[in-house]
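Q: Quick check, what structure comes out for this input:
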Amino acid sequence: MGAGNLRLTQREKDDHAHRLTGDSPGLSHAIATSITVTAVITGTVPVDLSSAYNVTGIYNDGSTFDPDASLDGDGYSFSEQLLGSEQVGEGVVFKLGPANAPDAVTGKTLALPAAKVQQPQDSRHRR
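A: Got it, this is the predicted structure:
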């Protein structure tokens, strides 16, 4: 079996649409795909909120549930298939709770662990 090549090319500048092409001797295949890469802030640490979950906000597609058991108490919820297991916002990864079970927090104030932040050093003040 011969060696093959895999190429990823951006379709247009500043576009998330890409073309992925695989070539090997006697065979070539290409697909269009969309890729978004989000830089995650280094040093961030996930905080486990599972002990505070008090509402179910994420359900598997096709699940039936009582409106009172929804995120807003009126029948609305998020799709686990669309959200996945984590989301990234402002460079921070947010791990999501399990679908079809308490997976969100509402109406509570939570104490979070103290941040471990290193202050940047200003080289102008060094001697």
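
Q: And the strands in this protein?
A: Here the chain has its strands, by DSSP state E, at 5-10, 17-24, 27-34, 58-59, 78-79, 86-89, 92-95.

Q: So the chain: which segments form each domain?
A: With automatic domain parsing as the criterion, the domains of the chain are listed as 5-34, 38-106.

Q: which one of these is the most hemmed in?
A: Each of the domains of the chain was scored by mean neighbour count; the highest is domain 38-106, a mean of 13, by mean count of other C-beta atoms under 10 Å. From N, CA and C alone the C-beta is placed, and that goes for glycine too.

Q: low-confidence ranges in this protein?
A: In the predicted model, the chain carries pLDDT under 70 at residues 1-3, 11-15, 37-38, 115-127.

Q: wait, what's in contact with Q87?
A: Q87 is in contact with V93, F94, L96, counting by C-beta atoms under 8 Å, 6 or more residues apart in numbering.

Q: one more time with 6 Å, if that's ok
A: Listed by C-beta atoms under 6 Å, 6 or more residues apart in numbering, the contact set of Q87 reads F94.

Q: go on, N60?
A: Contacts of N60 were listed using C-beta under 6 Å, 6+ apart, and they are E80, A99, N100.

Q: Torsion angles phi and psi at it?
A: Main-chain dihedrals, N60, degrees, to the nearest 10: phi -70, psi 150.

Q: thinking again about what came up before, can you tell me which of the strands of the chain comes nearest to I41?
A: Shortest separation from I41 across the strands of the chain is recorded for strand 92-95, at 6.0 Å, computed as C-beta to C-beta.

Q: Name the strands paired with the closest one and say parallel or antiparallel.
A: Strands adjacent to strand 92-95 in the sheet, as given by DSSP bridges, are strand 86-89 (antiparallel).
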